[in-house]
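Peer 1: predicted model, plus sequence, below.
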Amino acid sequence: DSGVTQTPKHLITATGQRVTLRCSPRSGDLSVYWYQQSLDQGLQFLIQYYNGEERAKGNILERFSAQQFPDLHSELNLSSLELGDSALYFCASSVGKFTGELFFGEGSRLTVL
Amino acid sequence: GIQVEQSPPDLILQEGANSTLRCNFSDSVNNLQWFHQNPWGQLINLFYIPSGTKQNGRLSATTVATERYSLLYISSSQTTDSGVYFCAVKANQAGTALIFGKGTTLSVSS
């Protein structure tokens, strides 16, 4: 158990819909990261928050948005879903802003039909 | 951005065999991690090793930062070692993130 909690574990929805994925970091970790793993793209970095502020941005689509709340949990919002958004979405956390070991949650598997 | 290359892409072993997985990266790093993704999709931390050598049971890892590569050694393979092994690196620059290689898929048969 990494200490990073993600919900839901599985989600099935239809094209055009909107979903929210939730992540609680390890106790004491201030950074939260979101990654997407799909068969054709591998593990792709989406976005990082540190203590509520955006710190780094990857190839995150405009239809996707994220935020980190004062209690340090984070949410990833995916809207206008397409078939290609079906993937495993991971959240990770670390103590530091720029470096340090990342620990990953078990992921949220999204299926868009 | 930083590039990460892992080799070999696939590896098939008999139980009890040893193996070496390699990770090459294109820039100086302040983070390098090895992960094992099991058949259920979980990413398990193996090593946090931006430089030096570490050992954990049958697994060990070495990172030679000056030459921009890392090696993961698996000795006496077991069927439970099967899965995908990822190397991930973070460039030594603010605003960058941990970037994953494409992985090495290991299959260990009994």
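Peer 2: Noted; the coordinates are in hand. Residues are numbered from 1 along each chain as shown, chains lettered A, B, ... in the order given.
Peer 1: going forward, measure contacts between C-alpha atoms and count neighbours the same way
Peer 2: Will do.
Peer 1: contact residues of chain B facing chain A?
Peer 2: Contact residues (CA under 8 Å from any CA of the partner chain) of chain B with chain A: B:30-31, B:33, B:41-45, B:48, B:90, B:94-100, B:102.
Peer 1: hmm, 6 Å instead?
Peer 2: Residues of chain B that fall close to chain A, judged by CA under 6 Å from any CA of the partner chain: B:Gln42, B:Gly95.
Peer 1: spatially nearest residue to the residue of chain B found nearest chain A (excluding sequence neighbours)?
Peer 2: Across chain B, the shortest distance to chain A (CA to the nearest CA) belongs to B:Gly95, at 4.8 Å. Once flanking residues are discounted, B:Gly95 sits nearest to A:Ala56: 4.8 Å by CA to CA, 6 or more residues apart in numbering or on different chains.
Peer 1: now B:Ser19
Peer 2: B:Ile74 (5.3 Å).
Peer 1: how deep is the one you found tucked in, by neighbour count?
Peer 2: For B:Ile74, the neighbour count with other CA atoms under 10 Å in any protein chain shown is 19.
Peer 1: all strands for chain B, in order.
Peer 2: Assigned by DSSP state E, the strands in chain B fall at B:4-7, B:10-14, B:19-25, B:29-37, B:43-48, B:52-56, B:59-64, B:69-74, B:83-91, B:99-100, B:104-109.
Peer 1: name the residues of stretch B:19-33 that are buried.
Peer 2: Residues of stretch B:19-33 classed as buried by neighbour count (16 or more other CA atoms under 10 Å in any protein chain shown): B:19, B:21-25, B:27-33.
Peer 1: got the contact list for the residue lying closest to A:Ser38 once chain neighbours are set aside?
Peer 2: Nearest non-adjacent residue to A:Ser38, counting by CA to CA, 6+ apart: A:Ala87, 4.8 Å away. By CA atoms under 6 Å, 6 or more residues apart in numbering or on different chains, A:Ala87 lies in contact with A:Gln37, A:Ser38, A:Leu110.
Peer 1: ok, what's across the strand from the last one?
Peer 2: This means A:Leu110. Beta-bridge partners for A:Leu110, by DSSP bridges, are A:Leu11, A:Ala87.
Peer 1: can you give the distance of the helix or strand hosting A:Ile47 from its chain's centre?
Peer 2: In this assignment (DSSP states H and E), A:Ile47 forms part of strand A:42-50. Put simply, strand A:42-50 sits 7 Å off its chain's centre (CA atoms, centre = their mean, to the nearest Å).
Peer 1: returning to that earlier point: beta partners for the residue nearest to B:Ser19?
Peer 2: On the basis of DSSP bridges, B:Ile74 is bridged to B:Ser19, B:Leu59.
Peer 1: and A:Glu53, by the same measure?
Peer 2: A:Tyr50.
Peer 1: could you do the one 4 residues further on as well?
Peer 2: Note on A:Lys57: beta-bridge partners by DSSP bridges are A:Ile47.
Peer 1: pLDDT score for it?
Peer 2: Looking at A:Lys57, its pLDDT is 94.
Peer 1: might one say that it is in contact with A:Ile47?
Peer 2: Yes: A:Lys57 lies in contact with A:Ile47 (CA atoms under 6 Å); the separation is 4.5 Å.
Peer 1: if anything else comes up later, I'll come back, but that's it for now.
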